[in-house]
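**Q** output the structure for:
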Amino acid sequence: MRGFLCAIFWVVVLLAPVQADQRMVYQYRDDFSGEAAMQDAIIHSAFWVKGAFPPDQPHLTYLNIGPDQKGILLRDWQGQPARLGYAVPVEPDLSFGRRPLKVVLRLDVQLLTSTDPGRPGMGYLLYMTSADAKTWSIPKALANGRSDLEIGSLAENRYLVFVGTNAVLDDLTIELYMPPPDLRVPADAQTIQEAIDKAADGQIIMVSDGVYTGPGNRDIRFKGKSVFLISEGGPDRCIIDCQAKGRGFILDSRETSETVIDGFTIRNGLGAKGGGIYCYNSSPVIADCRIQACWALGSNEQGLGGGIYIEAGSPQILGCQILQDWADSLTASMGGSGGGIYLRGDSGATIERCVLASNVAIAGLQADNRGGAICIENSGGGPGRAVNIRNCLLYANSAGDGGGAIAVVHSYAVVVNCTITANGADTAGGGLYVASGSQAQAVQVRNSILWANRPNQIGFGDPGMQTAVVSYSDVQGGWPGDGNIDADPLFARSFTDADGDAHLLSFIGRWDQASRSWVHDRSTSPCIDGGDPRDPVGPEPMPNGQRIDMGAYGGTNAASRGGGQVIFHVAKTGNDNNPGLSTSMPLATIQKAIELSRDGDVVMVWPGLYKEEVDFMGKAVLVQSAADAAVVTAASGAYAFSFYHQEGRSSILRNLVIKGCPEGGVFCHGSRPTLTNLTIVDCGTGIAAFEGAEPLITNCILWFNARADLLNCQATYSCIQRPDQAEGEGNITRDPMFADIAADDLHLRSRYGRFWPRHGVWVVDEQTSPCIDAGDPRIYPLEEPPYNGNRIDMGAHGGTGYASLSPPALFADLNQDGIVDLRDLALLADHWLESSD
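**A** Numbering: from 1, shown residues only. Here you go, the predicted model:
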C-alpha cells in the first residue's frame, strides 16, 4: 500500500510478550515531557501549541494529562488524521546491520471524545510499519490503556508511524531484542571457522568481543552454509586481524543472501585478489563491517580489490566502511585496480550506505590502474542488472590512472545519492571515470554530488564519447543533464580536513555527527530538495519539501531538513541569534521571525509586550499568539504592522492585541491581508487601507482609537466603536466590556468565567461581554474552553483556550451539539468517578 492510507477495516493488535531468553540491545523512550519528538520523529504533522487557535491542517499538541505528566495529542483536520512516525533505531547514525532483531513497542493510549459537534465520536489511533518508509503495512488499531506489542523483525519494521485523531499517546518505548545465538565464539567453538563448521543452516553464530588471529580466524569459509555470523559488540569491538597472512573471508561456494557477515573489523588482510574478502560466484550479505588496511598484492599481475574482490556474484555490501585499503603488485609495471572494491565477470553487486575513504589503486609503469575506491570491469549484465552504488560517501581515494573514486570499464553501473569528493586520479575522472568502448548510457548518475575531485569530476577514456548520463546532481564546473547544478554543496565540514562531514548545512536542521544531535546552521545547502522529483523521499525527516536531497544522505533519516512549513517561536526571553524553531530557543522579535520565514510558515508569539514596527515583507505567513494574547505596540509615527508588498489573503495576522500606537495599528497599501481576531485599542487609527488595499477583517474589536477605527476598509463580525464605520455583516457597536483596560487586561467579562492572566486563574464577573459568541458563525471554536456556545468570540482571545466562557445552553449537553442524547451519556460514562483534583 502506497502512502499513509487508513483502511476501513482495521486489524486489532494482540499483545505478545517478549521471550525471556531474548536480550534487549536497544531502547528509545519519550514520555513527551519535553520537545524530543520534534527532533526525533521523521514523519509528523505540525507541532502546535495547546490553547492556540488551531491550524488548517492535522496537528500534534503536547497535553497535560496528569500531575507532572504529559502526552501528545493527535488531532485531525476535516477528517484527515494526524501522523507521528519514527525510524528504528531513532538515531540517524546508529545501525544494526542485518541482525535478526525483533521490534517491541510499548505505549499508553487514551482515546478522547470529539468536542466538535460537526464530527462527533470517539477518537482512534492506528499504527503502520514499513521496511523502507515507502510501502506501509495494513493499519492496526490501538486500544485504550497500556500496550506491549512485538511487531516483528527489524528488517520488515524499520519505520513506524502512528495515525489518528482525538488520541493521546504517552510513555512511548521502542525496543530491539536479539534472539539467543545457537553458537558462541569462543564459548562453544575456539575459532570462527570451527563455529561455522558446527553450525546448521539458519543458525546464529555470535562472536564475542576481542581480536581474533591465527588459523581458523582468517581465510574463513562458509562452505555454502546459510548462517548469520555476527559480532557481539560491533566492528569497534570485534576484530579479525589477518596479520598479512591471508584474507578475512573466502566466499566461493555459491553462498546466497542467507549467508550474512555482520559487525566485524577485518584488518591487515593480504591476497592477490581481495585483501580483506574474496567473493567468487557467491552473493552473501556483508553488513556493518569495517575493512581496513588490507592489501591486494599481485605477483606477476595486478592486485585487484584491496578491500573486497567480487567476481561473478551479486553480494550486498551494506553500511560498511572500506578504509585505507590498497591494490598493488610486486611487479612494478602492473600496479593495482580497485583499491577498495574490485568487481568483474558479470557481477551485479549492491553497495549501499557505505563509506569508502583513503583507498589507493597504485600506478604501474605499463598497466591501467583504475578505481581508487571502486573499479567495475566487465560487470553488470546490462541496464537491468547493473552494479548499484547508493547512498555512499567516497572521499580521499586515489588512482594511478582514471577514476580516483569510481572507474567503470565495459560495465553497467548506477550511482544514486552518492557524495564523491576530494578524490584524485593521475589522468582523468577524479570522481568518476568511464573507459573507452563502454556502451551508450552505461553509467547512470542521479541525485549525487561530485565536488573538489582532481583533475576533473568526470572523465572518459574517449572524451568524444561521453557514455554517462548525469541528472539532478551537483557537479563542480557544471554538467549537461536534467536538474543538474553547479554550486558549492555546503558540507558541514570540508574534506580538506581530516574530519570532513558530508551532511548538508541547513537552517532548519542538520544531524551533527560530533554531538549526535540536530543542529541549526546559518546557511542552507542548494542540494537540499534538489534530487529527482520522481524519486520518493523515503524516511527523510520532515520538513523535507517532498523532494529527495542530493548526496549520500538523501532519502535517509540522516538527510538535512528542507522545504515545508516551519513554525517560528517569538518570546520575551528570546534572542534573535537563536534559530527560533522551538520554545526552548525562541527569537526575540516578530520582525526577525518574518525575515527568516518562507511562504507557508507560521510565527507563534508568546505572551508579553513587543514594541515593534513589523513589515510582512510580502510573505504569505501566519503570525498569531501562541498562548494568552501577546501585545504589540509601536513608536510615534509608526504602525505596529504594515502590509505594502502586495500581500494576499495568505498573509494572516491573528489573535493579537495591538495598542498604544499613535499613528495606527495596521497599515495596508495595495495589499489584501487577512486580519482576524485582533483587539486594536488606543491607537491613532485602527486599520488603514490605501491604494486599493482590501484587507479581510473579521472577529476584531476596535475601540478607543483616536481618529478612526477603520479607514477606507470594512469589517464583518467585529465590534467597532464608531457606528459610521461599522457597516458590514455581523458588526456590533456595543461596549466590549474589557476586564480592566487600565491594567492592560483586555479579556472579555463573563458571568460564566474569564481568564485572569495576572494570577493565572479563572474568575467570574457580574456582566457578560456582547462580543462573546458574536464572531463569524462559520468558524467552530475548537480550542475555546467549554462552554463556548459553539461560536467563536470576537477579539484577540477568540478561538483560543483563553476565550471567556459562554452560558451552557443545556447543562446535560456535554458535547455541546444542542441535543441531550446517548453521545452525552457515553461522555458521562467515560469520565465517571473522575476527580478534578
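
**Q** can I see the domain layout of this structure?
**A** 11-178, 199-486, 567-734 (automatic domain parsing).

**Q** between these, which one is nearest to I508?
**A** domain 567-734 (7.1 Å; C-beta to C-beta). All C-beta spots, glycine's among them, are computed from the backbone N, C-alpha and C.

**Q** chain center to that closest one, what's the gap?
**A** For domain 567-734, the separation from the chain centroid amounts to 32 Å (computed by C-alpha atoms, centre = their mean, to the nearest Å).

**Q** now the terminal residues of that domain, how far apart.
**A** 36 Å (C-alpha to C-alpha, to the nearest Å).

**Q** next: stretch 305-314.
**A** Stretch 305-314 has an end-to-end distance of 15 Å (criterion: C-alpha to C-alpha).

**Q** circling back to that earlier point, in JSON lines, list the domains of the chain along with distance to R754, mean neighbour count and mean pLDDT.
**A** Output for the domains of the chain, formatted as JSON lines (distance: least, C-beta to C-beta, whole Å; neighbours: other C-beta atoms under 10 Å; pLDDT from 0 to 100):
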{"stretch": "domain 11-178", "distance to R754": "15", "mean neighbour count": "18", "mean pLDDT": "91"}
{"stretch": "domain 199-486", "distance to R754": "57", "mean neighbour count": "23", "mean pLDDT": "94"}
{"stretch": "domain 567-734", "distance to R754": "12", "mean neighbour count": "21", "mean pLDDT": "97"}
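
**Q** among those domains, which is nearest H520?
**A** domain 567-734 (3.9 Å).

**Q** so which of the domains of the chain is nearest Q190?
**A** domain 199-486 (7.1 Å).

**Q** tell me how far that closest one lies from the chain's centre.
**A** 30 Å.

**Q** picking up where we left off before, could the domains of the chain go into CSV alongside distance to Q767?
**A** Listed next are those as CSV, based on distance: least, C-beta to C-beta, whole Å:
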stretch, distance to Q767
domain 11-178, 25
domain 199-486, 64
domain 567-734, 11
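
**Q** so which of those comes closest to V763?
**A** Closest among the domains of the chain, using C-beta to C-beta: domain 567-734, at 14.4 Å.

**Q** in the protein, which helix is the longest?
**A** helix 822-830 (DSSP state H).

**Q** how about the domains of the chain, which one is nearest P785?
**A** domain 11-178 (8.8 Å).

**Q** next one: the closest one to chain centre, how far?
**A** Counting by C-alpha atoms, centre = their mean, domain 11-178 comes out at 15 Å from the chain centroid.

**Q** who touches N397 in this structure?
**A** 339-340, 356-360, 372-373, 404-405, 423-424 (C-beta atoms under 8 Å, 6 or more residues apart in numbering).

**Q** give me the nearest residue to it, chain neighbours excluded.
**A** The shortest distance from N397 to any non-neighbouring residue, by C-beta to C-beta, 6 or more residues apart in numbering, is to G372 (3.4 Å).

**Q** from G795, how far off is D745?
**A** 12 Å (C-beta to C-beta, to the nearest Å).

**Q** sounds good, over and out.
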